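In: Okay, structure incoming, though there's no sequence with it:
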């Protein structure tokens, strides 16, 4: 099976650089590395091109004009551009454990999508990483005490403790999620009517559930660390998008109206 790593970004080249450096250290490389760029300016393009000697043709930059928050649209464009069977989706401010891709592949199953976890880094460690001043690997004690469980690596335990959540979409994050490309196309990808922050990944997951595709949540594998930034949480948009999510749940919809089909 072939794999595409889709990395979303918006005007954060230093963060994306940290992410791509961690991709370069993977024990198993993805077949495609697709940067899903929601309208970043020239410094991001230049930084991406600086990795061309490392990644070669597997590095793809999918860009769209900056028209506000259009995360669903750029994700759809990136998935449409992918040629691989399996999509692993992260954000461009994540630092991946070197076994991240390998462990996602190990936990891929037909009929399931995978939800992973993440640990937050504190501001000082994050700034040192952005400035290329951090020396030494990130480990479980790099994270705040409340999230250290999410950063403990013990892959030998994963096959015993991987959780099958069925239809649950609680605590699901698009920053560590994997699914089959064909399944995403069946659900028509991400709903582009979501033009404000929040709940777009969960609404997508509900449509996967409605298609009979179930969730597996990895524990002790697929470790990633989130570079600190101020919260983007918007309670008003979260409430509005929550209404859309609940409407999909109530209707049993398996496809959205404005989705990936327009790019295929």
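Out: Nice, I can see it. Quick caveat: nothing in here was measured; it's all calculated off a predicted structure.
In: so where do the strands sit in the stretch 151-264 of the chain?
Out: Secondary structure of the stretch 151-264 of the chain by DSSP state E, counting those that start in this stretch: the strands cover 163-166, 176-180, 214-217, 224-226.
In: average pLDDT for the second one?
Out: It stands for strand 176-180. Computed over strand 176-180, the mean pLDDT rounds to 96.
In: of all the strands of the stretch 151-264 of the chain, which lies closest to residue 200?
Out: strand 176-180 (11.5 Å; Cβ to Cβ). (C-beta placed from N, C-alpha, C; glycine too.)
In: before we move on, the earlier item: now the strands of the stretch 151-264 of the chain as CSV including mean neighbour count and distance to residue 114?
Out: Below are the strands of the stretch 151-264 of the chain laid out as CSV (neighbours: other Cβ atoms under 10 Å; distance: least, Cβ to Cβ, whole Å):
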stretch, mean neighbour count, distance to residue 114
strand 163-166, 12, 11
strand 176-180, 23, 4
strand 214-217, 19, 5
strand 224-226, 24, 13
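In: how about the helices in the protein?
Out: Counting by DSSP state H, the chain has helices at residues 13-24, 42-49, 52-55, 71-81, 100-106, 123-130, 155-161, 181-186, 200-210, 235-251.
In: still on that earlier bit, tell me which of the strands of the stretch 151-264 of the chain lies nearest to residue 197.
Out: strand 224-226 (15.6 Å).
In: tell me what that closest one is packed against?
Out: Packing partners of strand 224-226 (3 or more Cβ pairs under 8 Å, 6 or more residues apart in numbering; DSSP states H and E): strand 94-96, strand 119-120.
In: That strand pairs with which strands?
Out: Here strand 224-226 is paired, per DSSP bridges, with strand 94-96 (antiparallel), strand 119-120 (parallel).
In: of all those strands, which gets the most neighbours per residue?
Out: Highest mean neighbour count of these: strand 94-96, a mean of 24 (counted as mean count of other Cβ atoms under 10 Å).
In: For residue 116, find the nearest of the helices of the chain.
Out: helix 100-106 (7.4 Å).
In: buried ones in the closest one?
Out: 100, 101, 102, 103, 104, 105 (16 or more other Cβ atoms under 10 Å).
In: contacting residues around that helix?
Out: With contact meaning Cβ atoms under 8 Å, 6 or more residues apart in numbering, helix 100-106 is reached by 1, 3, 5, 22, 26-30, 86, 88, 114, 116, 155, 158, 178, 218, 221-224.
In: Buried only: go through these for me.
Out: Of these, these count as buried by 16+ other Cβ under 10 Å: 3, 5, 22, 26, 29-30, 86, 88, 114, 116, 155, 158, 178, 218, 221-224.
In: I'd like the mean pLDDT over stretch 210-228, please.
Out: Mean pLDDT, stretch 210-228: 89.
In: what about it, how long is it end to end?
Out: 34 Å (Cα to Cα, to the nearest Å).
In: and if you look at stretch 5-23?
Out: 9 Å.
In: Just the buried residues of it, please?
Out: Neighbour-count burial for stretch 5-23 [16+ other Cβ under 10 Å]: 5-10, 12-20, 22-23.
In: Same question for stretch 62-77.
Out: In stretch 62-77, counting by 16+ other Cβ under 10 Å, buried: 62, 63, 69, 70, 71, 72, 73, 74, 75, 76, 77.
In: Do you know the pLDDT at the most centrally placed residue in the chain?
Out: In the chain, the residue lying closest to the centroid (Cα atoms, centre = their mean) is residue 90, at 2.3 Å. With respect to pLDDT, residue 90 has a value of 97.
In: Run through the bridge partners of it.
Out: residue 7, residue 176.
In: need the contact list for residue 263.
Out: Contact analysis of residue 263 by Cβ under 8 Å, 6+ apart lists 76, 77, 80, 81.
In: List the contacts of the first one.
Out: What that stands for is residue 76. Here residue 76 is in contact with 189, 190, 192, 259, 260, 262, 263 (Cβ under 8 Å, 6+ apart).
In: From what I see, the first one and residue 258 are in contact.
Out: The reference is to residue 189. No. Counting by Cβ atoms under 8 Å, residue 189 stays clear of residue 258, with 9.4 Å between them.
In: Good, we can wrap up now.
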